[in-house]
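> With the input below, show me the fold.
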Amino acid sequence: MPLRRFLFFTTHEFLRVFFAFISLTWIIMGIRFRVSREVLTLSLIFVTRTSRK
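Numbering: from 1, shown residues only. Purely as a prediction, here's the structure:
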């Protein structure tokens, strides 16, 4: 196996893993952000409802 071909394949695999990892992190962060935002809005609604009584 030629060195250039080997380097190309390793860089290709590395980039694929790298991009997969980044997209996974983005998805997790997005879900966490959305959930925290929903929890914040729900808690705000709850607080306003309880404070009215």
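
> Show me what the helix or strand where Phe21 lies is packed against.
Here Phe21, judged by DSSP states H and E, is contained in helix 3-52. Secondary structure elements in contact with helix 3-52, counted by 3 or more C-beta pairs under 8 Å, 6 or more residues apart in numbering; DSSP states H and E, are absent; no helix or strand qualifies. Any C-beta I mention is one placed from the backbone N, CA and C, and that applies to glycine too.

> so for that helix, what's the average pLDDT?
On average, the pLDDT along helix 3-52 is 90.

> and Phe19, how many residues sit next to it?
By the other C-beta atoms under 10 Å criterion, the neighbourhood of Phe19 contains 10 residues.

> for Met29, same thing?
When neighbours are defined as other C-beta under 10 Å, Met29 has 10 of them.

> same question, Val35
In terms of burial, Val35 registers 10 neighbours under the definition other C-beta under 10 Å.

> Look up how far Arg49 lies from it.
According to C-beta to C-beta, to the nearest Å, Val35 stands 21 Å off from Arg49.

> Same check on Phe6?
Computed with C-beta to C-beta, the distance linking Phe6 and Arg49 is 64 Å.

> mind checking how far Val39 is from Trp26?
20 Å.

> Kindly report the same for Leu15.
As it turns out, when the distance is counted by C-beta to C-beta, Leu15 lies 16 Å from Trp26.

> Same check on Phe19?
Relative to Trp26, Phe19 is positioned 10 Å away (C-beta to C-beta).

> shared neighbours, the two?
Residues touching both Phe19 and Trp26 (C-beta atoms under 8 Å, 6 or more residues apart in numbering): none.

> mind checking how far Thr41 is from Arg49?
The separation that Thr41 has from Arg49, given C-beta to C-beta, amounts to 13 Å.
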